[in-house]
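Colleague: Pasting the sequence and the predicted model now:
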Amino acid sequence: MLNKIAMYNTKHLHVALSSDDNYSNLVRTLLGSLFTNNKSFDFISIHLLAQKISNERISTLKSLIPSGRGELIVYSMDNIQELLGVKVPNTISISAYSRLFLSSLLPQTIDKVIYMDVDALVIGDFGKLWAADIDNYEIAGVLDDVSLFAKHAINLPDNAPYVNSGFLLINLNRWRKLGMENKILNYLVAHNGKVFHHDQGLINKMCEQKLILPMNYNMVTNFYIFPYSNFTQQPFYSEEEFKKGLTDPIFIHFTAGVANRPWMKNCRHPLKDLYRQYMKEAGVDDYLQNDNRPFKLKALSFLYFNFRPLYALVIKLRSKFVER
């Protein structure tokens, strides 16, 4: 998957993050883990797509960049709604759509960038990934745990690869050459701003050439909670690849779900203590947020960890309802 090496400056890493003021503490924790575990790079440029983040918080984030090892460049995305050209559902933070504009926001001299969601830790080195040749691909990402409904909703065939947009190696040159931003925005407007899985659905629909990465580059929470037999979508990883992801993760993505998230109460993620250690090292207040998950998700979580057969029955019935 990552065997071919590209002729790039492999010692200067470019990373893009998107956040609003509510998630700035997650950015702090993520940055700490990134610099701690990527000392093979001479310099790391952090491109922060910021929506209404206070100057005080920006200053705090800049102070976390190790002297001489990196920089934080801030791009205001306060006009994200205007850029989109259409109103989108408010079920996720609108800042998530910022990643769609990286090819025009970042300097033309930057050929590629690693985009990361901020609800995560970097605990491995990006050297091999950054050196990979992705000239013939718009993106590189990890296959996601999605139902066929997610593919059908954006008119993808059953066997189409579908990646999680929380960790992407983006070929900015190819995006510019193909006019990907305009294509994506035109599709979004044509569908009145309502695309299943939001920006992730847009990326999977419009990026035809995807390089599939080893799954340890985006270990979402479900991979830690559910057994391999639960993941029946195709294409997917072999059981051996699945086990390697669990034992040798590079990017741990603390996605929402039955396990909850480690900065919140009632978290059942097996790596919650690791995350909280990085929180502490980043100087983030160790006060855990209240469990603000919807009641239905809390109920599913209770069933999964206490009455597994009943949980399986509920999920089966819900799936049949969705298919109808």
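Modeller: In hand now; what should we look at?
Colleague: hey, let's count contacts and neighbours off CA atoms from now on
Modeller: Noted.
Colleague: ok, which stretches of the chain are strands?
Modeller: Secondary structure of the chain by DSSP state E: the strands cover 12-20, 43-51, 70-76, 112-116, 120-122, 139-143, 163-171, 210-212, 219-220, 251-253.
Colleague: From the contact counts, what lies against the shortest one?
Modeller: Helices and strands touching strand 219-220, as assessed by 3 or more Cα pairs under 8 Å, 6 or more residues apart in numbering; DSSP states H and E, comprise strand 251-253.
Colleague: Distance from stretch 47-59 to the middle of the chain?
Modeller: 19 Å (Cα atoms, centre = their mean, to the nearest Å).
Colleague: do the same with stretch 282-291
Modeller: Relative to its chain's centre, stretch 282-291 lies at 21 Å (Cα atoms, centre = their mean).
Colleague: So which bits of it are buried?
Modeller: A282, V284 (16 or more other Cα atoms under 10 Å).
Colleague: what does that stretch contact?
Modeller: Applying Cα atoms under 8 Å, 6 or more residues apart in numbering, the contact partners of stretch 282-291 are 25, 28-29, 32, 64, 260, 263-266, 276, 279-280.
Colleague: which two from the residues you listed end up farthest apart in space?
Modeller: Spatially, the most separated pair among the contacts of stretch 282-291 is L64 and N266, at 28.8 Å (Cα to Cα).
Colleague: Please give me every residue in contact with S40.
Modeller: When contacts are counted by Cα under 8 Å, 6+ apart, S40 touches K11, D125, G127.
Colleague: Kindly indicate which of those lies nearest R176.
Modeller: Among those, K11 lies closest to R176 (Cα to Cα), at 23.6 Å.
Colleague: what about the closest residue to that closest one other than its chain neighbours, how many neighbours?
Modeller: Using Cα to Cα, 6 or more residues apart in numbering and skipping residues adjacent in sequence, the residue nearest K11 is F41, 4.6 Å away. Neighbouring residues of F41 were enumerated by other Cα atoms under 10 Å; the total is 17.
Colleague: cool, and the one 10 residues further on?
Modeller: The burial count assigned to Q51 is 23, neighbours taken as other Cα under 10 Å.
Colleague: Verify the stated contact: it with Q81.
Modeller: No: Q51 is beyond contact range of Q81, at 10.7 Å (criterion: Cα atoms under 8 Å).
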